[in-house]
Each structure stands twice: as structure tokens, then as C-alpha cells.
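> Structure, please.
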Amino acid sequence: MKRLIPFIATVALSAVVLGGCAASQSAGGEAPGEAEPFVGMANPWRESTEEEAYKYAPNGFSAPEGATNVSWSLMLPDNDPAKEDYMLVQLTFEQDGLEYTAREQAAAEDEADISGMYYDWQNTESVTLDNWGGGNMSATIKSCSEPEESACICLWYDTETGYAYSLGTAGSDLDLSKVDIKKTAEAIYDPAKQIGGNAPEIPESAPEEATDEFLSSIAEEAPQIDISGCATFTGIVDKKLSDGMGYANEKIGDTDVLLVSSGTYDNLDGNNAAIDATIFMYKDEAPFEVGKVCCGGTAYPLAIRDGELYVGSNHWICKYTIENDSLKITQKAAVDYDKNGNEIYYYESVHGDANNYDTVKTELMFETLYDELFEAKVIDFQPVGGASGSESALPAYEYPGPEAFYSVLYKYLIDEFGPDYEKDDVTIPCPVIIEMDESDKDDIKVWGDFWVFNYDLNGDVLENTSGGSYPGLIHIKSTDDSNGYEVTDIELVGDGSEYEPTAKKIFGKYYDEFINSSSDGEKRDALRAQIIANYAAANNLKITAFKDYGWDPVSLPGENIDSFYSILN
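Here you go, the predicted structure:
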């Protein structure tokens, strides 16, 4: 990797290499103290915020408690945009009368020295940092002392994440006996900034949506079939299945099975897919129910790969095989989120190897299982009656209230985010509005957690099949046309490590209210129920409840079309 030239004026350590400890020559071949060759060259460093620095160095550090004169800066190697992934992040601060510079660089060379401090080091010591890398991070401390100047650095490299780190201090009056560089390196460790290899801790149990109890409960969505009197799979299909159901013959492990689904849908890839199945095998030469499964929505149809059955949702995934006449999970992975939107990954395996996995490996296995799912063969179910389910008789959703403003807002959510999901009977938005600013009619601002849900009608219950949340800020302007309003832009909160900084930037003083609202599922369900009730009333539909997979139906209230938003406000 190209070595850094330590002549930059904005770097606190620039003075370190100007003399003392027999400073070595720079990468350019000139002694660092000879600044003349660099006069007039552009400064490759630029000032940065801590939030921007975190973007490039997510397994990062923070200024320690009590530090002063804290500043952040970035340097793009060779000023080449193609090398943005190699951005050098720098933190400078003062503490206990000493000036420190900490650096981090992603994808740096193994044990690379990115400190920019080039001395003939007199002392070298190997240590272990007590918190970095789960308390197992090896580091090297180097120091030198001369009458003119003394210097000390700590270098460490995270082999699991590929980040190199340095922390250094220097000065003409530096007393090395009073410098505890190891303690300071540990003090800049920030557990809140660690992802992947260093944090957060792997949960001891699966998130609620991926527990065995939850998976068993949603599997009850698969059809209940009395197979008495059926001697073969064909007998089950001919005698027990009704129009609209589906069936498929597959092999799970070494076992031939019949999968029976409550319905099928066109997966737009030539397959009639299904998201639930009751599974039968032969035992003692007769059909035998081996188990049930259910996916989390139509975006994750049942699939087979290398003899294993894949069942998933947007937050969890399982692989199944058949063993000892029973359907058995061989691997399971899931993701949950903390209050700041950071991912917390979970993985388990029947092989027991998961017990030794750190968070990097756990996240990798999560991603691997989803890669396998999307590469797997979607099971092609044969619809009973020759049709892949019935055509929807539900009318498209239109905001039923008298306010043109909300009519435009609701339509925008359907048009903008509805295509993200497979088409179902009806798409109904649920905007949880946090705050509005109508002071500028050319830029009306609406902060909110904007949800879109897809539903299929089962009897008089709307069953949620897919959907998602799009928190952010929508910009709307007043117009002179018949619509009266037009959406001009939307600013969306980012995912993962971008969630908290983008949410704080977008929501500003409403951030806490947004966080509280986004975690209030009861309030959101009450709003969903009212929106659905008004839709049903406006279209004379007999709908009494909505239902999410694995949860009890939520009953609908009476309609309040004419006063909906006046009551909310």
C-alpha cells in the first residue's frame, strides 16, 4: 500500500516528523523535514463530521471521555474516487495535555502502518487490547525518545474486518513515562460503532419471529387435511384437495414427498408458487404427514436446493430436511434490529458449528442462506382445478376521505412503493405521520413512517402477504390543477449503519418522536385497522379484520371517513 507523506499542515502529527528520534525519509525520497519540495501542493485532507467519518469506518472509534479540541478529517488516496473504499479516516484530540491522532483505513494491508509517523523506533512491545476484537486484539506499541522530540504509537489490525488502526502522540516535551498509549487506545473504542467482527453480541436466542414456537404457529396456515382412506399421494390429490389448492411432488433429502398448499400464485417466472405446504411422505407403504411450513410472504416462495427445503421471510430463513420420519430444521438465520436500526444477526445449525461463530461469521451465514434461497428452484405447484387461484374481486385502494391532500399522499405511496412487492388482491398504505409543516405551500413537509401493505382476502379477513416501511420526509406542493397537490420529492432514512445518522438528519427535532412512534406497534395497528375499515365502507365490502402471519386477527372499528384526519389531529 502507498505510504503516507507526513507533511500535511492540517494533521496534528505533521510536526512529529520534523526532527528527533532520527526520523526516516518519506515515501517521496526527501527527508520529512525538508518541506520545500511540497510548497504549493494541494492539501489532500478535508474536514469531516463524525457521522461522515463513520460511513467510511464503521468499526470505528470515538474521542475518549474528557477529550478536547476534537476534529475529524478524511483523505481520499491519490484523490481517486475509485478508491473511496480505502478512505483514510482521522480523529485528532487533546487529553491530559497531550495531542493524539487516531486513524483507521478499510481494506488496508495486513498490519499496515497508517500512522504517518516515520521514526527510527527504539522500543517495540506487543500487547493485547482489552476491548477491541472482544478483548483479543493484538497490537504493537513503538516509541522513541530524544532530547529534541519523543514519539509513541500503537498499531493494530483486525483480521476479521480488514481494518487497520493507529494511535499516536509526539512532542518536544513529551515524557514517555507518563504516556499510556494502550490505555488511550482502549479508551477510544466505541462499542456503539462496532458492527460485524466486534459487536453487537450474538443473541442467545432467536428473535421472536424466528423462534420454533413462532414458526410452528405460522405453519398452521398450511391446510389441515384428513388423509384417512388415501393409500397413495394420488388418492390425496383426487379425494381431498379442492379447487384453488396446489400440490407438488419433490424429494427432500432422500425422501419422496407430496407438498399440498392452500393456494398458488403466478411467480412471474413460469412457476405456480406457494408460500405454505403440508408435507406427506410414505411410511409403512401409506401416506404420512411429516410436517407443515409457511413462508413470510409471496416474495419468498417455497424452494428446493440440493434436496433441502428453503422457507423464509424478510427477517428469517430456515433450511429443512427429513430425518427419522420428521421435518427437521438443519440451519436457521435471522436478523433483528436495535432501537437505532442496527442489525443484530442470529444463526444456528444442527452441526453445532454456530457455537464458535463471531458476529462476522454469523452475518455471513445469514447472507449465505439468502443467497442459497434465491438460487434455489422455486417449487412449481399444480393448481387444483387448473387455475392458479382466483382473480381478485377487490377494488384498488383510493383514499376515501374528502381531503385532496391525503388522496395525493396515499396514491403516491401506492404508486412509488407498491411495485416493490408481488401483486396481491389489494395494496393499502398506512402513513404514520409524525409532523407536518404547511408554512410554505410550494414545499409542504410531511415527516412520517410510511408503510405499504399487500393483502389477500380470505373470507372476511384481509391477510397481510407482504409490505414494508419507508420512513422519511415527503415534500408536497400546492398546484392549480384538479388534483390540487403534487409530491415533488421524498427523503428516505438509510439502512443499517446509515439508519441513525440519516434519521437524525431527516427528522431533526422530531427524531425522538419518530423513534417512539416506529416502536409503537399497537398504535400502527389501530391506524391500519381504521384505514382498512374506511376502505371497506367506501366500497361496500364485508371485511371484519386484518391479519398478519402468526398473529391473531385485528378487528376493524366503525368507519369515520369524514372525520378521520380531524380526529387524528
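
> Would you agree residue 541 is in contact with residue 394?
Yes. Contact status for residue 541 versus residue 394: in contact at 7.2 Å, counting by CB atoms under 8 Å. Every C-beta, even on glycine, is put in place using the N, C-alpha and C of the backbone.

> hang on, residue 514 in a strand?
No. Going by DSSP: H, G, I helix; E, B strand; the rest coil, the assignment for residue 514 is helix, not a strand.

> distance of it from residue 473?
Using CB to CB, to the nearest Å, one obtains 10 Å as the distance from residue 514 to residue 473.

> residues shared between the contacts of these two?
Contact criterion CB atoms under 8 Å, 6 or more residues apart in numbering; residues shared by residue 514 and residue 473: 447, 507.

> Mind naming the longest strand for the chain?
In the chain, ranked by residue count with DSSP state E as the criterion, the top strand is strand 461-478.

> I'd like to know which elements that strand is packed against.
Packing partners of strand 461-478 (3 or more CB pairs under 8 Å, 6 or more residues apart in numbering; DSSP states H and E): helix 404-417, strand 444-458, strand 485-492, helix 499-507, helix 511-518, strand 545-547.

> buried stuff in the fourth one?
I take that to be helix 499-507. With burial defined by 16 or more other CB atoms under 10 Å, the residues of helix 499-507 counted as buried are 499, 500, 501, 502, 503, 504, 506, 507.

> what comes into contact with it?
Helix 499-507 is contacted from outside by 51, 54-55, 340-342, 434, 447, 471-473, 491-494, 511, 513-515, using CB under 8 Å, 6+ apart.

> So for stretch 450-457, mean pLDDT?
Mean pLDDT, stretch 450-457: 92.

> How about the most centrally placed residue in the chain: what's its closest non-neighbour residue?
By CA atoms, centre = their mean, the chain has its centre lying nearest to residue 496, at 4.3 Å. What sits nearest to residue 496 in space, not counting adjacent residues and going by CB to CB, 6 or more residues apart in numbering, is residue 343, at 6.0 Å.

> count of residues packed around the one you found?
Neighbours of residue 343 under the rule other CB atoms under 10 Å: 18.

> Pop the domain breakdown of this protein in here.
Domains of the chain are assigned by automatic domain parsing as 12-193, 208-383, 404-568.

> Could you point out which of those domains sits nearest residue 398?
Distance to residue 398, taken as CB to CB, is lowest for domain 404-568 among the domains of the chain, at 7.2 Å.

> So what's the residue count around the closest residue in space to residue 286 that isn't next to it in sequence?
Nearest in space to residue 286, with sequence neighbours left out and distances taken as CB to CB, 6+ apart, is residue 231 at 6.2 Å. The number of residues packed near residue 231 is 11, by other CB under 10 Å.

> Report pLDDT for residue 231.
92.

> Ramachandran coordinates for it?
The phi/psi pair for residue 231 (degrees, to the nearest 10) reads phi -90, psi -10.

> wait, isn't it in contact with residue 288?
No. When contacts are counted by CB under 8 Å, residue 231 is not listed as touching residue 288 (11.8 Å).

> hang on, the earlier thing: isn't the residue nearest to the centre of the chain right up against residue 338?
No. Using CB under 8 Å, residue 496 makes no contact with residue 338, being 11.4 Å away.

> pLDDT weak spots in the stretch 201-350 of the chain?
Across the stretch 201-350 of the chain, the ranges flagged by pLDDT under 70 are 201-210, 339-341.

> just the strands in it please.
246-252, 255-261, 265-266, 272-273, 276-283, 286-294, 303-305, 308-312, 316-323, 326-337, 343-349 (DSSP state E, counting those that start in this stretch).

> among those strands, which is nearest residue 133?
strand 343-349 (17.8 Å).

> So what's the residue count around residue 81?
Around residue 81 there are 7 residues (other CB under 10 Å).

> One more: the one 4 residues further on?
Using other CB under 10 Å, the number of residues around residue 85 comes to 10.

> Is it correct that it falls within a helix?
Yes. If the criterion is three-state DSSP, then residue 85 is within a helix.

> I'd guessed it sits against residue 77; true?
No. Between residue 85 and residue 77 there is no contact under CB under 8 Å: 9.7 Å.

> Dig out what residue 171 forms beta bridges with.
Residues in a beta bridge with residue 171, per DSSP bridges, are residue 150.

> Contact partners for it?
For residue 171, the contact set (CB under 8 Å, 6+ apart) comprises 16, 98, 99, 149, 150.

> Okay, now the unreliable bits of the stretch 451-569 of the chain?
Using pLDDT under 70, the stretch 451-569 of the chain drops low at 566-569.

> Quick check: most distant residue from the centroid of this structure.
Most distant residue from the mean C-alpha position of the chain: residue 147, 52.9 Å away (CA atoms, centre = their mean).

> backbone phi and psi for it, please?
Given degrees, to the nearest 10, the pair of backbone angles that residue 147 has is phi -60, psi -30.

> So what's the predicted local confidence for it?
Per-residue confidence for residue 147 comes out at a pLDDT of 82.

> Next, find the distance separating it from residue 168.
Distance of residue 147 to residue 168, given as CB to CB: 20 Å.

> now do residue 347
From residue 347 over to residue 168 the distance is 38 Å, taken as CB to CB.

> now do residue 431
Residue 431 sits 51 Å away from residue 168 when distances are taken as CB to CB.

> got TSV for the domains of the chain, with distance to residue 398 too?
Shown next, in TSV, are the domains of the chain (distance: least, CB to CB, whole Å):
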stretch	distance to residue 398
domain 12-193	40
domain 208-383	23
domain 404-568	7
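
> isn't residue 293 right up against residue 222?
Yes. The criterion here is CB under 8 Å, and residue 293 meets it with residue 222 at 6.7 Å.
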